[in-house]
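# Quick one: sequence and predicted model below, then my questions.
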Amino acid sequence: MKIKLFLYLIAIAVFSVSSFAQVKSEYYSDETLLQLQELQRAALASDYAFSQTRFISYNIGPRLTGSAQAERAVRYVADEMKKLGLEVQLQELKVPHWVRGDERGELISWNEMTPGTVHKITLTTLGGSVPTASGGLKAEIVVVKSFEHLKKLGREKIEGKIVLFDVRFDRELAAAGFGGNAYGEVSTYRSGGAIEAAKLGAAAVLVRSAGGSQNRLAHTGAMRYSNDVTKIPAAAVTFEDAELIAYLAGQGTVRMNLVLTPQTFEDTISYNVIADLKGTEKPDEIVVVGGHLDSWDLGQGALDDAAGVAAAMQVPALLKKLGLKPKRTIRLVAFMNEENGFVGARTYAEKADVSKHFAAIESDLGASHPIGFIFAGKPAAIPFLAPLAEILKAQGAGQIDQKPNASSDISTLTELSVPSFGPWYDTRTYFDYHHTAADTFDKIDARQLAENGAVMAVLAYGLANLEQPLPR
């Protein structure tokens, strides 16, 4: 492994010397271009982000908003940035405080069942769900394939029953590199299923897990209620158990005993961590680099999003180590409450002077090999970014993908015309782990995380030293 890494770094160094003339640009000084390649080499060789991801995942653990772990993560990141000499502030937020509680499900009646037996169902409560009655809920399950199918069945066939939205995650679409698209197709049932089912009198809602795992892992995530519709309990079942329920329901009536005991407490106080590495020439212009501190509570939140926070933390750490001084301020923002409220992202954007925000970068789709970076902004900015892509090409990350949004928390800045960026990931397997108990540190590959750290660092320092304003 060490030999391979050594050879890899030699290849990067050779590229840096031989292609400098090709990279030379009117948008960046010669000094900046050389520094960017030095920074890239340092990022690819660094284990800083890997070590920080391990600490956040293992030593702190899952960080659901309002939990003790979430607050420990705030203090930890703030302290680490203070050690680097950055100017640190905590931006106060009022965030949701929801606790999962017990979650159990079993099929208690189906066609040709063996007397005295049950089918235990692996499920997980959806974030923000209300509980079942204290003794649980016993009801028939109705399987539907879409919102349209639900509406066609009507109140007569839905009222008082448990609705299962049996919509599969498209693993072939994910395998083709479009994991986010596959996720978007099914997550709508997780987020809005309880509202639509409750409109027809359903007693509870289940969804087939909105992810690619076929290892009997339930996939949690946020769901919504509407003030004018009755709130009903909501949970996700695994791929395998959705298959079971759908098969048995095709033979006749299936009944379930569902027990969910989540609690929603009063909103609590938490914080975004903001840490500034001041610019030398234009300190009032800001390049944000960040990730989100909170995570779901089933796993360790390693991929989502300890790795992203750690890669962002590594940017000022490397600049300090190398003695590189950005012309604009590079601001680390560790956002809170991305998963179940988005309060951190909204609050930051509301209080930010967006005219002074030069650009924003976020990592929030795991830590797999990046093939380039996503850009959300004016097409006229692409030539400004081409030299950065040329440098990143040496590590296989030279592609630019222009999209309406680059990443989750910074989307609130994107909406305010701040040019936005994020690593362009290989998402073929990310949704096998996303929001499940398998989102753990062992899924982090040190080399690939280093590659992501290099993308973040090159983007952040390059944009901070750009000789001209980006079109916006």
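Received the coordinates, thanks.

# Can you show me the helices along the stretch 1-150 of the chain?
2-18, 20-23, 30-45, 48-54, 68-83, 147-158 (DSSP state H, counting those that start in this stretch).

# and the last one, what's its mean pLDDT?
With pLDDT averaged residue by residue, helix 147-158 scores 98.

# and that helix, which residues are buried?
147, 150, 158 (16 or more other CB atoms under 10 Å). Using the backbone N, CA and C atoms, a C-beta is placed for each residue, glycine as well.

# Show me what that helix is packed against.
strand 137-144, helix 179-199 (3 or more CB pairs under 8 Å, 6 or more residues apart in numbering; DSSP states H and E).

# tell me the angle the shortest one makes with helix 179-199.
Read that as strand 137-144. 120 degrees (axes from the mean of the first three to the mean of the last three CA atoms, to 10 degrees).

# In its sheet, which strands sit next to strand 137-144, and in what direction?
Here strand 137-144 is paired, per DSSP bridges, with strand 162-165 (parallel), strand 255-260 (antiparallel).

# Please point out which parts of that strand sit buried.
Residues 137, 139, 141, 142, 143, 144 are the ones in strand 137-144 that count as buried (16+ other CB under 10 Å).

# Please apply the same query to the last one.
Using 16+ other CB under 10 Å as the burial criterion, the residues of helix 179-199 that qualify are 179-180, 182-183, 185-187, 189-199.

# got the contact list for it?
Here helix 179-199 makes contact (CB atoms under 8 Å, 6 or more residues apart in numbering) with 126, 129, 147, 150-151, 158, 163, 165, 167-171, 173-174, 205, 207-208, 210-212, 221-226, 229-232, 234, 236, 365, 427-431, 434.

# repeat for stretch 220-231
Here stretch 220-231 makes contact (CB under 8 Å, 6+ apart) with 124-130, 187, 190-195, 198-199, 210, 234, 236, 296-298, 339-341, 435-436.

# repeat that for 7 Å
Contact partners of stretch 220-231, identified using CB atoms under 7 Å, 6 or more residues apart in numbering, comprise 124, 126-130, 187, 190-192, 194-195, 198-199, 210, 234, 236, 296, 298, 339-340, 435.

# Relative to residue 56, which of the helices and strands packed on helix 147-158 is closest?
Relative to residue 56, the nearest member of the helices and strands packed on helix 147-158 by CB to CB is helix 179-199, separated by 23.3 Å.

# what's the average pLDDT for that closest one?
Rounded mean pLDDT across helix 179-199 is 97.

# Ok, stretch 135-143 next?
Averaged across stretch 135-143, pLDDT comes to 97.

# Need the residue in this protein that's farthest from the chain's center.
In the chain, residue 115 marks the outermost C-alpha relative to the chain mean, sitting 44.7 Å out by CA atoms, centre = their mean.

# Ramachandran angles for it?
phi -50, psi 140 (degrees, to the nearest 10).

# What score does it have for pLDDT?
Here the pLDDT value assigned to residue 115 is 95.

# Make 44 the first number, not 1, from now on.
Got it, the first residue is 44 from now on, which makes the last one we talked about residue 158.

# Using PDB, list the CA coordinates for stretch 273-286.
The C-alpha coordinates for stretch 273-286 follow below in PDB (Å, rounded to 0.1, in the frame of the first residue of the first chain):
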ATOM      1  CA  THR A 273     -53.700  13.900  10.800                       C
ATOM      2  CA  LYS A 274     -50.200  12.800  11.800                       C
ATOM      3  CA  ILE A 275     -49.700   9.100  11.600                       C
ATOM      4  CA  PRO A 276     -46.700   6.900  12.600                       C
ATOM      5  CA  ALA A 277     -44.200   6.200   9.800                       C
ATOM      6  CA  ALA A 278     -41.400   3.600   9.400                       C
ATOM      7  CA  ALA A 279     -39.200   2.100   6.700                       C
ATOM      8  CA  VAL A 280     -38.900  -1.600   6.200                       C
ATOM      9  CA  THR A 281     -36.000  -3.400   4.600                       C
ATOM     10  CA  PHE A 282     -35.900  -4.500   1.000                       C
ATOM     11  CA  GLU A 283     -36.300  -8.100   2.100                       C
ATOM     12  CA  ASP A 284     -39.300  -7.500   4.300                       C
ATOM     13  CA  ALA A 285     -41.000  -5.400   1.700                       C
ATOM     14  CA  GLU A 286     -40.600  -8.300  -0.700                       C
END
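
# Find the centremost residue of the protein, please.
The chain, centroid-nearest residue using CA atoms, centre = their mean: residue 407 at 4.1 Å.

# what's the spacing between that one and residue 352?
As judged by CB to CB, to the nearest Å, residue 407 and residue 352 stand 9 Å apart.

# quick one: common contacting residues for these two?
Common contact partners of residue 407 and residue 352 (CB under 7 Å, 6+ apart): residue 334.

# Report how many residues lie close to residue 397.
Residues lying near residue 397 (other CB atoms under 10 Å) number 16.

# ranges for the strands of the stretch 344-493 of the chain?
For the stretch 344-493 of the chain, the strands defined by DSSP state E, counting those that start in this stretch occupy 371-378, 400-405, 413-419, 442-445, 463-468.

# Export only the CA atoms of the first one, formatted as CSV.
The one in question is strand 371-378. Extracted C-alpha coordinates of strand 371-378, given in CSV (Å, rounded to 0.1, in the frame of the first residue of the first chain):
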residue,chain,number,x,y,z
ARG,A,371,-9.6,35.9,0.5
THR,A,372,-10.9,34.5,3.8
ILE,A,373,-11.4,30.7,3.8
ARG,A,374,-14.3,30.0,6.2
LEU,A,375,-14.9,26.5,7.5
VAL,A,376,-18.6,26.0,8.3
ALA,A,377,-19.7,22.8,10.1
PHE,A,378,-23.5,23.0,9.7
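
# can you tell me the average pLDDT over it?
98.

# State the paired neighbours of that strand in the sheet, together with their directions.
The strands that strand 371-378 pairs with in its sheet are strand 306-320 (antiparallel), strand 325-335 (parallel) (by DSSP bridges).

# for the second one, same thing?
With DSSP bridges as the test, strand 400-405 is paired with strand 325-335 (parallel), strand 463-468 (parallel).

# Now tabulate the ones you listed in TSV and tack on mean neighbour count, mean pLDDT and distance to residue 515.
Putting these into TSV (neighbours: other CB atoms under 10 Å; pLDDT from 0 to 100; distance: least, CB to CB, whole Å) gives the following:
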stretch	mean neighbour count	mean pLDDT	distance to residue 515
strand 325-335	24	98	12
strand 463-468	27	97	10
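
# among the strands paired with strand 180-187, which is nearest residue 345?
Smallest distance to residue 345 across the strands paired with strand 180-187 (CB to CB): 26.1 Å, for strand 298-303.

# Return the set of buried residues in the closest one.
Those would be 299, 300, 301, 302, 303, for strand 298-303 by 16+ other CB under 10 Å.

# do stretch 302-314 as well
Residues 302, 303, 304, 305, 313, 314 are the ones in stretch 302-314 that count as buried (16+ other CB under 10 Å).

# Stretch 424-434 now?
Of the residues in stretch 424-434, those buried (16+ other CB under 10 Å) are 424, 427, 428, 430, 431, 432, 433, 434.

# Make sure the first one is actually in contact with residue 462.
Yes - taking contact to mean CB atoms under 7 Å, the distance of 6.1 Å between residue 424 and residue 462 places them in contact.
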